[in-house]
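Asks: okay, here's the prediction I keep looking at, along with the sequence it came from:
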Amino acid sequence: MKFAKQLGLRSIPSWAPYYLDYKSLKGYIKSSFKDIAGPLQSLESLDHESGETDQDVEPSIPPKASPESVTAATDADSESPVVQHDGSHHHVTLTSAQEEKDRPVKGTSSPSSIKTEEEEAAREASINIIVEGFRALLWAELEKVNARYEAQERIAGVTMERLNASWRANFSPAELKQWRGDLTVLILNLEYLLEFSQTNITGFKKIIKKFDKHYRGCNPSGHTSSASSIHVPDQQQQLQGSNGHQDGGLMQHPTHRPLSSNSNHNPNPNHLYSNINTITYLGTSVESETAGPLSVFNALGIHGRSTPTIYLPCDYPEPTSSLHPQEPFIRNVHSPQTQSKSVYYHNYYGGVSALSLEFWKMVTERTFAKSEKDERLLAEARTLWRKRTPVVAEHLSPLPLSVDPKDYPVWDDLDLNILPSGRISRLWIVLAEDAMSTPIRVPVIVAKGVRPGPVVGLTAALHGNELNGIPLTHRLVLQEIQCQALHGIVVAVPVANVPGYLAQQRGFTDGTDLNRLMPGKKNGTTSQVYSYNLMTRLVRHFTHLIDLHTASKGRVNSLYVRANMQNPTTRHMARLQNPQIIVHNTSPDGSLRGAAMQQYNIPAITVEIGDPARFQKRFVKSAILGVTNILSHLKMVEDEHEVQDYDPVVCAKSYWIFTKGGGILNVLPDVNTWVRKGELIATLHNIFGLEEHRYFAPEDGIVVGKSVDPVCQSGCRILHLGVVSDRFPEGKIDDGHM
């Protein structure tokens, strides 16, 4: 998936002109290097982005070279070691015997060698021009992004000071409403600012990685720079702390290695990128082609915004110099847990050349990449909101805490005003009657806080066999939420389709899909009346709705969200949910989500949590974190945002692919994986075992869900394909699964 498309989908629409112009920089890179791409690696292969996804996968760590393998290599007849001494470090460069034989005698030259030198000089000059051009463009983009960030950060700081200074305990209701409205706008702008900075940091990281890939492809010696070779101390020094004992294995991992700078730094900028391809590991040396540039930075975790951190033993020697002398490589910061000093260095994960490090340093020097003021202001604003919310009068609970579920109160409508504050209430809401005149009622759990706030509704099992939402509602309301600290109300409906749940089926008793009947009819069929009462007696009391689903029988799903991404509120709710995939979807006709937004203007999203007819703890836990993020965003609970290890893939649209005939179906790709246009995605065999059809991906996309039922009739589903674009389409968009 190409990042440029994701950047367009993730950008805050009103802030779009201020984002990194990723497409322009990418176009410059491709056009500039087109004529000087290396002979062994085409430009297309350098620019291939199949692995450049927003769900970055940690690259595998190449196996380290053993001392025996290095010794064997140096003893071979075809190579002779050349040892270079650099203070206390020994760099071994392996030189082939043929290279020694072909090396020209000093003082002699040939016309061909002169011509080659001239061509190489011209090539180097061209590369330097490209580098300087990219530097200028990168600088301009950084200035644009940084100016927007600093202006918004400054406005937010002034607004926060004004709101703090203007607060009075004797506000009139109108003044309090205005003050809280200003604070709400401030919180939203700070959330935008935080999203703006993180998205741009990712964009700059990827564009520098792309430039470095092309640069190294046209300059094969450009893996590590003479200004920054790689060094790791010998094994004994690695494993010993300051008192000579083993330091708990802090440095035993092969990728825990710092950058050590060569003291012989060449001040001539034209030769800044000349390179020595040497990596020293545990006292031995291997060529950097073998070790790989990525392995150097695998151990670096992100500290703060963009500065990686690793820990070394306290007695680890200081480097003789730094790539940037004005900023020391090792700062004297100690970890109280490990008694070791922290090593800070600006980098990105895609390479180790001095050029890429220099460009990345340009990014990390900017305010938007290193400031954490926006995070502090956002936390302060949310705290201020909670602090300045008046306490509501607490009602006495009408029931003892331990009651048989059959004895819970039965209501015809949800009246939140009479429920006790600061407590959990359990009740039944009647939605219809069966043929025995017995009420058909749905269970409702209400967590009511001690201060006013939004009313968030959670509906699960609207399709009776989609169960993962049930344990989510139980755990969230009964374990995660503390009512005495809650602002607002959380209403959980563990089973919205009671007849379908009892029958272990998707639809209602008459087989209809309730999620295609909303908002129902007051005077209609049984299922229409049930749907109408669900909307009017329950859903209309919500201010926000999270509808919990899973895949249907015979299919499996990723953890994904369907939301109208052109609506600012639902867009933000979808991002906070932290799914694997987000699909832009305006909601099909008759859906609960669509009816809530159309009938009552309630922001609503649909969360698809894995597979049907089972509980999946991993997906349930991730979904709970997402719901908690939304509650935190709404200032209902303490600010404890949880962020996944990956960013969700945002799809501008999605659709199902169907079979043309019947037979035995085998769908090949897994969910949450990428497929390319023309890739084989499924085969269909007849009952005699002969292949009847092959199905291919109609375009690039990600597998949102797929069929796992081999028994296939004409028109059965194959897979749900999410498509990434650079913008959301206008008008009605659904996935065609009706």
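Replies: On my side now, so go ahead. Numbers count the residues shown, from 1 in each chain.

Asks: just read off the phi/psi values of residue 581.
Replies: Here is the backbone geometry of residue 581 (degrees, to the nearest 10): phi -140, psi 140.

Asks: count of residues packed around residue 192?
Replies: 17 (other CB atoms under 10 Å). For the C-beta atoms, the positions are set from N, CA and C on the backbone; glycine is no exception.

Asks: got a list of what the spatially closest residue to it that is not a sequence neighbour touches?
Replies: Leaving aside its chain neighbours, residue 192 sits nearest to residue 12 (5.3 Å; criterion: CB to CB, 6 or more residues apart in numbering). Applying CB atoms under 8 Å, 6 or more residues apart in numbering, we find residue 12 in contact with 192, 195-196.

Asks: residue 576 against residue 633, yeah?
Replies: Yes: Residue 576 is in contact with residue 633 according to CB atoms under 8 Å; the separation is 5.4 Å.

Asks: who has more neighbours out of those two?
Replies: A side-by-side neighbour count of residue 576 and residue 633, using other CB under 10 Å, places residue 576 first with 24 against 21.

Asks: quick check: nearest residue in space to that one, chain neighbours excluded?
Replies: Nearest to residue 576 is residue 629, by CB to CB, 6+ apart, at 4.1 Å.

Asks: so what's the one you found scoring on pLDDT?
Replies: Turning to residue 629, the model gives it a pLDDT of 91.

Asks: ok, now residue 64?
Replies: According to the model, residue 64 scores 36 on pLDDT.

Asks: kindly report the same for residue 460.
Replies: For residue 460, the model assigns a pLDDT of 96.

Asks: lowest average confidence across helices and strands of this structure, where is it?
Replies: Lowest on mean pLDDT, DSSP states H and E among the helices and strands of the chain sits strand 278-281, with a mean of 28.

Asks: related to what we said a few turns ago, sitting in helices, which of the contacts of residue 12 do you find?
Replies: The members of the contacts of residue 12 that map onto helices under DSSP state H are 192, 195-196.

Asks: quickly note the distance from the residue nearest to residue 192 to residue 35.
Replies: According to CB to CB, to the nearest Å, residue 12 and residue 35 sit 38 Å apart.

Asks: do the same with residue 449
Replies: For residue 449 relative to residue 35 (CB to CB), the value is 65 Å.

Asks: give me the more crowded residue out of these two.
Replies: Taking neighbours as other CB under 10 Å, residue 449 and residue 35 compare with residue 449 leading, 24 against 9.

Asks: chain neighbours aside, what residue packs nearest to that one?
Replies: residue 486 (3.0 Å).

Asks: my read is that that neighbour contacts residue 637, right?
Replies: Yes: between residue 486 and residue 637 there is a contact under CB under 8 Å: 6.5 Å.

Asks: of those two, which one has the most company?
Replies: residue 637 (24 against 21).

Asks: which secondary structure element contains residue 447?
Replies: Residue 447 is part of strand 439-448, with elements assigned from DSSP states H and E.

Asks: what strands line up against that strand, and which way round?
Replies: strand 423-433 (antiparallel), strand 487-493 (antiparallel) (DSSP bridges).

Asks: next structured bit after it?
Replies: Strand 439-448 is succeeded, C-terminally, by strand 451-460 (DSSP H and E).

Asks: what does the following helix or strand past that following strand contact?
Replies: Where DSSP H and E defines the elements, the next helix or strand beyond strand 451-460 is helix 469-475. Helix 469-475 is contacted by residues 445, 458-461, 492-495, 548-550, 607, 609, 615, 617, 620, 623-624, 627 when judged by CB under 8 Å, 6+ apart.

Asks: re earlier: list the buried residues for the strand holding residue 447?
Replies: For strand 439-448, burial by neighbour count (16 or more other CB atoms under 10 Å) applies to 440-448.

Asks: can you add distance to residue 665 and pLDDT and give the residues you listed back as JSON lines?
Replies: Below are the buried residues of strand 439-448 laid out as JSON lines (distance: CB to CB, whole Å; pLDDT from 0 to 100):
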{"residue": "440", "distance to residue 665": "37", "pLDDT": "93"}
{"residue": "441", "distance to residue 665": "40", "pLDDT": "95"}
{"residue": "442", "distance to residue 665": "36", "pLDDT": "96"}
{"residue": "443", "distance to residue 665": "38", "pLDDT": "95"}
{"residue": "444", "distance to residue 665": "40", "pLDDT": "96"}
{"residue": "445", "distance to residue 665": "40", "pLDDT": "95"}
{"residue": "446", "distance to residue 665": "44", "pLDDT": "95"}
{"residue": "447", "distance to residue 665": "44", "pLDDT": "94"}
{"residue": "448", "distance to residue 665": "49", "pLDDT": "94"}
